[in-house]
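Chemist: model the following, please.
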Amino acid sequence: MKERTRSIARYVIPGAIIVLVVIVTIWWFSSPSRSIARSPQQDVRSTTVSRGTMQVTVSVSGHLEPRSSVDLTFESPGEVAEVAVDVGERVSAGEPLARLDTRQLAVQVHQAEAALEMIEAQLAQAKAGPRPQEVASAEANLRAAEAQVNRAAADLAQVTRGASEAQIAAAEAQVAAAELQYRVTLIAHDRVMQQTEDSTRREQARNDLYAAEKALAAAQAQLDELLAGADAESIQAMRANLAAAQAQRDAAQAQLDLLKAGATPKQIEELEGQVAQAQASLAMAELALERATLRAPFDGIVAAIYITPGEMPPTGLPAITLLDDSAFRLVAQADEMDVGQLIPGQSAQVTVEAFPDV
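Modeler: As a prediction, this is how the structure comes out:
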């Protein structure tokens, strides 16, 4: 056992001596006095340790986008009449950019206005009641219808009684006058045919003779009808004329009575409904006319134009693109290692490569 102890001491003691020598050597070379001795001109500074905030910078790259942009489209079909701007041009809110041909739309607006004015006038007249001149006109129509009834009744009575001696005498006088006129015209016709070859005069003579023959035939037919008396068919026609005249008189009387009574509440309600419908039609026509012109919804820059004058652009497709350049936003993607350093609302410093001085 003593021999084993002496063997361990023989190895441990020299090892401890070596470790001690290494420690002393490190202390000697790292000693401040030794360093000063080796570098007498070296500047030595000291400071007090304190707690502070460490600034961590996260750098990302991305691209700038305008705050908003809009594609303007025509909501109704039509031919492009004018494009009032160019790409890159700055425009103000409400400024016209392009328009369609509005001639037909303007006509539709005028028609809607006229229809509204007419129905409004009818409603006002219904509420105000009949005017004196309207009553007078209706009364005149009634008197005319009554006169027509009297004439039709007189004609029927005459046909039923037969012709009087005075009527027959008058008809015979008309036949005699027509015969005399025919003879004179025939003599003139023969003279022209014998004495001239002028085609115009010869044609005129033939036309005059033809007219004289027709007049004589009509006068003779009237005389024959009076002498023969009315047949059953003529009497039936006269009765039909009298019935028609009486119907017209009754309608005129009803119109006068209705005019004097004024419009009923139901009629006024119907007219008010027609006015509302006409107003809606006018509003739709005016809206279609207004939408035929594209206007800038905000101040901005024209980014693109997809239409040209004279074409028929499809409805629903972009016609002009407008950008709002009053403000921009930066779209960037941060590394997942830096996401923990970012919080909403943090301020950031942005530099643009194209404009380094901005």
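
Chemist: make it CA atoms for all contacts and neighbour counts henceforth
Modeler: Will do.

Chemist: so for stretch 299-310, what gets flagged as buried?
Modeler: Asp299, Gly300, Ile301, Val302, Ala303, Ala304, Ile305, Ile307 (16 or more other Cα atoms under 10 Å).

Chemist: go on, stretch 124-137?
Modeler: Those would be Ala126, Pro130, Val135, for stretch 124-137 by 16+ other Cα under 10 Å.

Chemist: swap in stretch 241-257?
Modeler: Quick answer for stretch 241-257 (16+ other Cα under 10 Å): Asn241, Leu242, Ala245, Gln246, Gln248, Arg249, Ala252, Gln253, Gln255, Leu256.

Chemist: same deal with stretch 141-152?
Modeler: By 16+ other Cα under 10 Å, the buried positions in stretch 141-152 come out as Asn141, Leu142, Ala145, Glu146, Gln148, Val149, Ala152.

Chemist: picking that back up, among the buried residues of stretch 299-310, which are in helices?
Modeler: Of the buried residues of stretch 299-310, none are assigned to helices by DSSP state H.

Chemist: ok, back up a step: quick one: which of the buried residues of stretch 124-137 is nearest to Ser326?
Modeler: Ala126 (57.9 Å; Cα to Cα).

Chemist: in a helix, the closest one, correct?
Modeler: Yes. Counting by DSSP: H, G, I helix; E, B strand; the rest coil, Ala126 is part of a helix.

Chemist: just give the closest residue to it, not the sequence neighbours.
Modeler: Ala263 (5.4 Å; Cα to Cα, 6 or more residues apart in numbering).

Chemist: contacting residues for the one you found?
Modeler: Ala263 makes contact with Ala126, Lys127, Gly129 under the criterion Cα atoms under 8 Å, 6 or more residues apart in numbering.

Chemist: next one: Ala219
Modeler: Contacts of Ala219 by Cα under 8 Å, 6+ apart are Ala171, Gln174, Val175, Ala178.

Chemist: among those, which has the minimum pLDDT value?
Modeler: Within the contacts of Ala219, pLDDT reaches its minimum at Ala171, with 85.

Chemist: mark which of the buried residues of stretch 299-310 are part of strands, please.
Modeler: Gly300, Ile301, Val302, Ala303, Ala304, Ile305 (DSSP state E).

Chemist: picking that back up, now distance to Met337 and pLDDT too, for the contacts of Ala263, in TSV please.
Modeler: Shown next, in TSV, are the contacts of Ala263 (distance: Cα to Cα, whole Å; pLDDT from 0 to 100):
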residue	distance to Met337	pLDDT
Ala126	82	81
Lys127	82	83
Gly129	87	77
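
Chemist: ok, these vs Glu203, which is closest?
Modeler: Closest to Glu203, out of all of these and judged by Cα to Cα, is Ala126, at 61.9 Å.

Chemist: look up how far Val49 lies from the closest one.
Modeler: 100 Å (Cα to Cα, to the nearest Å).

Chemist: let me know the pLDDT of the residue minimising distance to the centre of the chain.
Modeler: A centroid search over the chain (Cα atoms, centre = their mean) returns Ala288, at 1.4 Å, as the residue closest to the centre. Listed pLDDT for Ala288 reads 92.
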